[in-house]
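Predicted model and sequence follow; I will ask about them next.
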Amino acid sequence: MKKIIIILILLVPTVVFGQQFPFMEGYNVNPFSLSPAYAGIHNSKTLFIDYRSDWSGLEGGPTTYQLSYNDKFHEKKELGGNFIYKQSDIFKNNVGLGGRFIYDKTDIFKQMLLLGTYTYEVRIAKGHWVNFGLSAGFYKNAIDFAKYFNNPDYIQDMVLIYGQGKSKIKFATDISALYRYKQAEAGILFSNVMFGTVRYRNNEMTYKPLKNYLLHASYLFVIDNNWSAKPTFILRGGQNIPVQIEIAPTITWNDRFWGTTLYRTGGLFGVGLGGEVYEGIILNYSYNLSTNVALNTFGSHQLSLGIRIFNFLKNKKNLS
C-alpha cells in the first residue's frame with residue numbers, strides 16, 4: 001500500500017512534488033484560494049477554513065488544511081452627496097491584503113506554508129481593472145522515514161536511518177495578475193518563480209519544487225433577479241508537469257445558495273453544493289471522482305467553512 005502511495009505522489013502533478021501550493025477547490029465562493037490577486041474583491045473580510053481529503057479510500061492519501069483571510073481598504077468621505085478621496089485614501093482603496101496558512105500531509109510527506117499577499121489595483125480604462133498580486137512567505141517540509149521501521153517488508157537502507165528528514169525554512173513567492181471588465185474575469189498565476197533548492201538538516205537530500213502556472217477565465221451570466229450562472233475555465237501546468245484543463249460551471253440562486261459541476265482532463269468529475277446557511281456563515285462541500293484510476297478509493301472530498309467575521313460579531317451582539 002505504501003508503495004502505491006509513493007508511486008501516485010511521483011506521478012500525479014497536483015500533489016506534493018508537482019507544485020508548491022496544494023490546489024484547493026471551492027474557488028467559486030473563495031476565489032482568493034484560486035489566485036492571490038483576488039484579495040479584497042470577492043468575499044473579503046471572511047475567514048475561510050478548508051479541509052480536503054484526496055483518494056480518501058486509500059490509507060495515507062493526501063490531506064490538506066488551509067486557513068485564509070483577505071481584505072481591502074475602503075475609506076471614503078461624503079461631501080455634498082459626492083464621494084471624495086484624500087490622496088492617502090486613494091492609495092488605500094487600491095490595496096488588498098491577505099494571508100494563507102497551508103498544511104499538507106501525504107503518507108510520510110508533510111509540508112507547511114505561510115504566505116502573506118499584497119495586491120494593487122489599477123484602472124487602465126473606464127470599467128477595465130487590473131489587480132497585481134505578490135505573495136511571499138515561508139515554506140518547510142519533512143519526510144518521515146521512521147514510519148517504515150516497523151514495516152515487516154522494510155529493507156535496510158542507509159537513507160532510512162535518519163528517521164525524519166526536516167527541511168530548512170525556505171522563502172517562497174508567487175506572482176499573479178487579474179483582469180476584470182464588467183462580469184468577465186481572467187487571471188494568471190506563477191508559483192515557485194523565485195524558489196531555490198530546499199536542503200535538509202540531517203542528511204544530504206535536496207528538494208526543488210517545480211515552477212508552475214495557472215490561467216483562469218470566468219463570466220457571470222445574470223439570468224433573472226434570482227438566478228445566475230458562472231462558468232470557470234482553468235488551465236494549469238508547468239515544468240515537467242502535464243497540462244490540465246478544468247471546466248467548472250456554477251449555478252447560484254438568490255446570491256445565497258449554489259451548486260457546481262466540474263470536469264478535469266484525466267477523467268475527473270466533480271459536484272459541489274453550498275450556501276450562506278446563516279447570516280455570516282458559509283458552508284461549501286465538493287466531491288471529485290476519478291474514472292481513470294483503477295483503485296478502490298472513494299474520491300476526493302473538500303469541506304469549506306467561511307465566517308464573515310464582522311457580520312457574525314454584529315449578529316451575535318444583536319442577539320445578546
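Everything's here; your move.

hey, let's count contacts and neighbours off CA atoms from now on
Noted.

In CSV, list the C-alpha atoms belonging to stretch 109-119.
The C-alpha atoms that make up stretch 109-119 are tabulated as CSV, following Å, rounded to 0.1, in the frame of the first residue of the first chain:
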residue,chain,number,x,y,z
PHE,A,109,5.5,13.6,3.3
LYS,A,110,4.5,16.8,5.1
GLN,A,111,4.7,20.4,4.1
MET,A,112,3.7,23.7,5.7
LEU,A,113,3.3,27.1,4.0
LEU,A,114,2.7,30.5,5.4
LEU,A,115,2.1,33.3,2.9
GLY,A,116,1.1,37.0,3.1
THR,A,117,-0.4,38.7,0.0
TYR,A,118,-0.3,42.3,-1.2
THR,A,119,-2.3,43.4,-4.2
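
any idea of the mean pLDDT for that stretch?
Confidence over stretch 109-119, taken as the mean pLDDT, stands at 91.

Over to stretch 94-101?
If you average the pLDDT over stretch 94-101, you get 94.

which residues are in contact with it?
Surrounding stretch 94-101, the residues in contact under the criterion C-alpha atoms under 8 Å, 6 or more residues apart in numbering are 36, 39-40, 66-73, 112-122.

which regions of the stretch 51-200 of the chain sit below the pLDDT cut-off?
Across the stretch 51-200 of the chain, residues meeting the criterion (pLDDT under 70) sit at 74-92, 145-168, 193-200.

Apply 90 and report the result again.
By pLDDT under 90, the low-scoring segments of the stretch 51-200 of the chain are 54-62, 72-94, 105-112, 138-173, 191-200.

And the stretch 201-320 of the chain, by the same measure?
Along the stretch 201-320 of the chain, the model assigns pLDDT under 90 to residues 201-212, 237-242, 266-268, 279-280, 289-299, 309-320.

residue ranges for the strands of it, please.
Secondary structure of the stretch 201-320 of the chain (DSSP state E, counting those that start in this stretch): strands located at 206-207, 212-219, 221-222, 227-238, 241-253, 257-264, 268-278, 281-290, 300-308.

Adjacent strands (with direction) for the last one?
Strand 300-308 has these partner strands in its sheet, going by DSSP bridges: strand 46-53 (antiparallel), strand 281-290 (antiparallel).

Then the second one?
Applying DSSP bridges, strand 212-219 is found paired with strand 184-191 (antiparallel), strand 227-238 (antiparallel).

now the helices: where do they sit in this protein?
With DSSP state H, the ranges of helices along the chain come out as 2-11, 87-93, 309-319.

And the contacts of stretch 108-126?
Taking contacts as C-alpha under 8 Å, 6+ apart, the residues outside stretch 108-126 that touch it are 16, 21, 36-37, 39, 60, 94-105, 129-145, 147, 172.

let's see 7 Å
With C-alpha atoms under 7 Å, 6 or more residues apart in numbering as the contact definition, stretch 108-126 has outside contacts at 36-37, 39, 94-105, 129-145.

Restricted to strands, list these.
Within the contacts of stretch 108-126, membership in strands is found for 95-105, 129-144, as judged by DSSP state E.

Which members of those are classed as buried?
Restricting the ones in strands among the contacts of stretch 108-126 to buried positions leaves 95-105, 129-137, 139-144, with burial counted as 16 or more other C-alpha atoms under 10 Å.

I'd like the strands paired with strand 300-308 as TSV, with distance to residue 244 appended.
Below are these laid out as TSV (distance: least, C-alpha to C-alpha, whole Å):
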stretch	distance to residue 244
strand 46-53	20
strand 281-290	14
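
Residue 257 is nearest to which of those?
Shortest separation from residue 257 across the strands paired with strand 300-308 is recorded for strand 281-290, at 9.5 Å, computed as C-alpha to C-alpha.

Now that closest one - C-alpha only, PDB.
Provided in PDB are the C-alpha atoms of strand 281-290 (Å, rounded to 0.1, in the frame of the first residue of the first chain):
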ATOM      1  CA  ILE A 281     -21.800  31.600   8.000                       C
ATOM      2  CA  ILE A 282     -20.900  30.000   4.700                       C
ATOM      3  CA  LEU A 283     -20.600  26.200   4.000                       C
ATOM      4  CA  ASN A 284     -19.400  24.600   0.800                       C
ATOM      5  CA  TYR A 285     -18.800  20.900   0.000                       C
ATOM      6  CA  SER A 286     -17.300  19.400  -3.100                       C
ATOM      7  CA  TYR A 287     -16.700  15.800  -4.200                       C
ATOM      8  CA  ASN A 288     -14.500  14.500  -7.000                       C
ATOM      9  CA  LEU A 289     -14.400  11.100  -8.600                       C
ATOM     10  CA  SER A 290     -11.600   9.900 -11.000                       C
END
